[in-house]
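[1] got a predicted structure plus its sequence, pasted below:
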Amino acid sequence: MAVPPRQQERKLDVVDARSAALVRANFRSIVEAPHGPERLISAFYGHLFAENPGLRDLFAPTMDMQAKRLTTAIQFVIDHLEDWDRAQRFLEQLARDHRKYGVEAAHYDAAGRAMLAAFRTYHGPEYWHRGLEEGWRDVCILISASMAIGANSDKSQPYWEATVVGHRRVLDDLAIVRLQSETPIPYQAGQYVPVSIPQRPKMWRYLSPAIPTNPYGEIEFHVRKVRTGWVSPAVVSETEVGDKWLIAGPLGGLHVERDSGRDVLMIGSGTGIAPLRAQLIEMGRRGMNPRVHFFIGGRYPCDLYDVENMWQLSLSNPWLTVIPVCENESNPWWHPYPPVDPPFGMHRRLIGNLGAVVASFGAWADRQIQISGSARMIADTRRALMAVGTPDWAISADPV
Ligand SMILES: Cc1cc2nc3c(=O)[nH]c(=O)nc-3n(C[C@H](O)[C@H](O)[C@H](O)COP(=O)(O)OP(=O)(O)OC[C@H]3O[C@@H](n4cnc5c(N)ncnc54)[C@H](O)[C@@H]3O)c2cc1C
Ligand code: HEM
């Protein structure tokens, strides 16, 4: 059978079994060594910037998370040498995302050379041998070639500019930011987007739009301040109307399968409600929907900052049931207002740990389940559900 031209052009030879085993064992020794990943990645950037000093400008001043991110990416690639299509798809997507940093296809040759040089430098001439040279050379060529293909494969704009048109601090540490872009940003409700703000240039962070995309280019984010963070405190405390934000292409796949015949369970806490809320608003525009139970959690009643809007949505959409859950019955002493009572006919607040409360109703095994919140909340809730018999495959969550 003739291979279609696109496939021919993408075909790359992967490394042989002996080299694969060698680079895997070698990479394990680096990852397990004290500060091994930091030493390797610092050598990578040392070689890259020595050869191309201009590339340093593409990065933010702090690069402290890079060792972890790059080693995770390399690990994924060498774990999938026998399933190369998957590794290649990952690298192509990574390179498409890299366009927002200003990285072009032509840069990846230098990245491949710098990576190989970094492995050599890491080990030094006493330990480095021909087998390692050949194995890592093949892997580095595969990475740089796949990323160059990815960078070339997408000619759409790498990001959009949007202007802040509203900034409301709904809690001391939480702001709702509304923006408008010239052209609508093409995301699906439930996805998340990389965002860069003028107060912290080049420090891209993921945020989940809290409303569906619309023809007016309006977009809304709910942002909670992470006290030790770089970007979120600036969003909450320093953002002003008129600021220009950059928003890159969407990622993630939280969505409701409308034709699966299965009802929906959504569990969100804090600003994790954003991608769930966007989907519910979109579903509200359609006539027919599966039944949805939406558990909204927080530590205190005041943390359920958007529950009133969700109650309103459920009043006009009988398929939606909103159940607030708090760990504490009343607000903390520093919050000036008493908790808001639910309107007539709405569920009263349940008190307890969110995962435990949801699991106390049973396994929800016939549902499509989405969990959204901090990494810890997702793990705790998943564990609580699985303990009562929920199958893992029924649960979706973003990789936070
Ligand atoms: C898929 C996805 C969607 C997201 N959507 C949203 C959203 O809609 N709204 C929103 O506010 N945030 C969202 N986030 C989180 C956001 O991307 C940032 O990670 C967060 O705002 C912190 O960024 P920062 O620059 O302030 O902190 P950083 O400078 O990145 O981190 C500083 C330090 O704080 C730690 N840290 C980071 N996050 C937390 C945390 N949550 N709790 C405790 N410690 C932390 C880091 O490990 C690091 O040590 C999302 C993240 C992902 C992966
Ligand atoms: C010349 C080539 C490259 C340049 C200029 C470049 C540039 C960048 C920049 C500017 C960032 C953002 C850093 C931050 O958020 O602080 C980044 C992130 C990242 N890079 Fe690269 N990169 C290159 C090659 C590579 C290669 C070859 C890999 C993989 C093997 C890689 C993997 C990653 C990963 C996993 C991240 C974090 C995820 C992300 O934010 O998209 N990069 N890169």
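    Arrived safely, thanks for sending. Ligands and ions are numbered 1, 2, ... in the order given.
[2] got the contact list for the longest helix anywhere in the chain?
    Ordering each helix of the chain by length in residues (DSSP state H) puts helix 130-153 first. Here helix 130-153 makes contact (C-beta atoms under 8 Å, 6 or more residues apart in numbering) with 10, 12, 14-15, 18-20, 22-23, 26, 74, 77-78, 81, 84, 87-88, 91-96, 98-99, 103-106, 108-109, 111-113, 115-116, 119-120, 123. Every C-beta, even on glycine, is put in place using the N, C-alpha and C of the backbone.
[3] quick one, helices of the stretch 251-400 of the chain?
    Along the stretch 251-400 of the chain, the segments classed as helices by DSSP state H, counting those that start in this stretch run 273-284, 307-315, 354-359, 375-387.
[4] quick one: what helix or strand has the most far-flung residue of the chain relative to its centre in it?
    Here the centre of the chain is the reference, and by C-alpha atoms, centre = their mean the most remote residue is Glu126, at 41.1 Å. Using DSSP states H and E, Glu126 maps to helix 107-127.
[5] counting by contacts, list what that helix packs against.
    helix 36-51, helix 130-153 (3 or more C-beta pairs under 8 Å, 6 or more residues apart in numbering; DSSP states H and E).
[6] over the first one, what's the mean pLDDT, rounded is fine.
    The average of the pLDDT scores along helix 36-51 is 97.
[7] likewise stretch 140-154?
    pLDDT averaged over stretch 140-154 gives 97.
[8] for Ile219, phi and psi?
    phi -150, psi 150 (degrees, to the nearest 10).
[9] ok, now which ones touch it?
    Ala162, Arg178, Leu179, Gln180, Ser181, Ile185, Pro209, Ile211, Thr213, Ile247.
[10] cutoff 7 Å now
    For Ile219, the contacting residues are Ala162, Leu179, Ser181, Ile185, Pro209, Ile211, by C-beta atoms under 7 Å, 6 or more residues apart in numbering.
[11] now, which of those sits nearest Glu257?
    For the contacts of Ile219, the minimum distance to Glu257 (C-beta to C-beta) is 20.3 Å, reached by Pro209.
[12] does that closest one touch Gln279 like I think?
    No. The criterion here is C-beta atoms under 7 Å, and Pro209 misses it with Gln279 at 10.5 Å.
[13] between those two, point out the one with more neighbours.
    Taking other C-beta atoms under 10 Å, Pro209 and Gln279 do not tie; Pro209 has more neighbours (27 against 23).
[14] tell me which helix or strand the more buried one sits in.
    According to DSSP H and E, Pro209 maps onto no helix or strand at all.
[15] please report phi then psi for it.
    Torsion angles, degrees, to the nearest 10, at Pro209: phi -60, psi 140.
[16] check contacts around it.
    So Pro209 contacts Tyr187, Val193, Ile219, Glu220, Phe221, Ala274, Ala278 (C-beta under 7 Å, 6+ apart).
[17] quick one: which of these is nearest to ligand 2?
    Comparing the contacts of Pro209 against ligand 2 with C-beta to the nearest ligand atom places Val193 closest, at 12.5 Å.
[18] if I've got this straight, the closest one is in a strand?
    Yes. With DSSP: H, G, I helix; E, B strand; the rest coil as the criterion, Val193 is located in a strand.
[19] what bridges to it?
    With DSSP bridges as the criterion, Val193 is bridged to Leu207.
[20] quick one, what contacts it?
    By C-beta under 7 Å, 6+ apart, the contact set of Val193 is Ile185, Tyr187, Leu207, Pro209, Ile247, Ala248, Pro250.
[21] test my guess that Phe44 contacts Met115.
    Yes. At 5.7 Å, Phe44 counts as touching Met115 under the criterion of C-beta under 7 Å.
[22] got the residues of this structure near ligand 1?
    Within reach of ligand 1 by C-beta under 6 Å from any ligand atom, the chain has these residues: 192, 205-208, 221-224, 226, 228-232, 252, 271, 274, 374, 398, 400.
[23] need the helices and strands packed on helix 107-127 in JSON lines with mean neighbour count and distance to ligand 2, can you?
    Below are the helices and strands packed on helix 107-127 laid out as JSON lines (neighbours: other C-beta atoms under 10 Å; distance: least, C-beta to the nearest ligand atom, whole Å):
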{"stretch": "helix 36-51", "mean neighbour count": "18", "distance to ligand 2": "6"}
{"stretch": "helix 130-153", "mean neighbour count": "19", "distance to ligand 2": "5"}
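[24] how about those helices, which one is nearest Asp303?
    Nearest to Asp303, of all the helices and strands packed on helix 107-127, is helix 36-51, at 36.1 Å by C-beta to C-beta.
[25] so what does the closest one touch, helix or strand wise?
    The contact analysis (3 or more C-beta pairs under 7 Å, 6 or more residues apart in numbering; DSSP states H and E) places helix 36-51 against helix 17-32, helix 66-79, helix 107-127.
[26] who's in contact with the second one?
    It refers to helix 66-79. Under C-beta under 7 Å, 6+ apart, the answer for helix 66-79 is 23-24, 27, 31, 37-38, 41, 87, 90-91, 94, 139, 143.
[27] put the alpha carbons of the helix or strand just after it into PDB.
    Remark: after helix 66-79, the chain's next helix or strand is helix 84-98, criterion DSSP H and E. Output of helix 84-98 as PDB, limited to C-alpha atoms (Å, rounded to 0.1, in the frame of the first residue of the first chain):
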ATOM      1  CA  TRP A  84       7.100   6.600  18.400                       C
ATOM      2  CA  ASP A  85       3.900   8.000  17.000                       C
ATOM      3  CA  ARG A  86       2.800   9.000  20.500                       C
ATOM      4  CA  ALA A  87       6.200  10.600  21.300                       C
ATOM      5  CA  GLN A  88       6.200  12.400  18.000                       C
ATOM      6  CA  ARG A  89       2.600  13.700  18.600                       C
ATOM      7  CA  PHE A  90       3.700  14.900  22.000                       C
ATOM      8  CA  LEU A  91       6.800  16.700  20.600                       C
ATOM      9  CA  GLU A  92       4.900  18.300  17.700                       C
ATOM     10  CA  GLN A  93       2.300  19.600  20.200                       C
ATOM     11  CA  LEU A  94       5.100  20.900  22.500                       C
ATOM     12  CA  ALA A  95       6.700  22.700  19.500                       C
ATOM     13  CA  ARG A  96       3.300  24.200  18.400                       C
ATOM     14  CA  ASP A  97       2.900  25.500  22.000                       C
ATOM     15  CA  HIS A  98       6.500  26.800  22.000                       C
END
